[in-house]
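> Sequence first, predicted model second:
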Amino acid sequence: MNMMEVLGGLLISLIVITVAAGYLNSGFSKSKVASLEQDLVTMRMQVQQLFSASSDYSGLDNETAIKAGVVPKSLIKGNNLKTPWGGEINLSTNDANGSFTIELSGIPQDECTQLTRFQTDAWLSVGVNGNTLDSDNTIADIVNSCTTTNTIAYEAR
């Protein structure tokens, strides 16, 4: 074997590894989205159950939710709530609307589109970067609402 054959073999191996890594990364990203979607449903239902005897969600915040055990363990990092991409998760109340909000920050663009479309009919509202989306919004509207790094807010009652 001469040097050119060895370099050619290494180049082909490098290309194969790069393509495989890209597919692997894509698979992990989809897994993170699916896991976060499940965690959102669990958290929404647990919060609703916790406050079912109350007239509103007064007192709901991250600390209360963690102490009450309504946050999936996969989202708890120390004393904070984090997305799989390292962004913040914040729980808050909307007293005027008798609702609560789960806000996710630092969501990458591709995942933003998927997460924004997640169970839109199950939420009171879904907002991206301060823009509330509704059933009249098209996929193009949703895609255009997502930027490089995003904040998604899910409101529930």
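It's in.
> Counting neighbours, what do you get for A140?
8 (other Cβ atoms under 10 Å). Where C-beta positions appear, they are placed from N, C-alpha and C, glycine not excepted.
> Remind me what the helix or strand where it lies packs against, helices and strands.
Taking DSSP states H and E as the criterion, A140 maps to helix 139-145. Judged by 3 or more Cβ pairs under 8 Å, 6 or more residues apart in numbering; DSSP states H and E, helix 139-145 is in contact with helix 109-116, strand 131-133.
> same thing but at 6 Å, please
For helix 139-145, the contact count by 3 or more Cβ pairs under 6 Å, 6 or more residues apart in numbering; DSSP states H and E identifies helix 109-116 as packing neighbours.
> outside of the helix it packs on, which residues touch it?
Residues outside helix 109-116 that contact it (Cβ atoms under 6 Å, 6 or more residues apart in numbering) are 33, 128, 142-143, 146, 148, 150, 152.
> Look up the residues forming beta bridges with the closest residue to D141 other than its chain neighbours.
Nearest non-adjacent residue to D141, counting by Cβ to Cβ, 6 or more residues apart in numbering: L133, 6.9 Å away. Using DSSP bridges, the bridge partners assigned to L133 are V126.
> Surely L133 and W123 touch.
No: counting by Cβ atoms under 6 Å, L133 stays clear of W123, with 10.0 Å between them.
> re earlier: relative to K67, which of the contacts of helix 109-116 is nearest.
I152 (24.7 Å; Cβ to Cβ).
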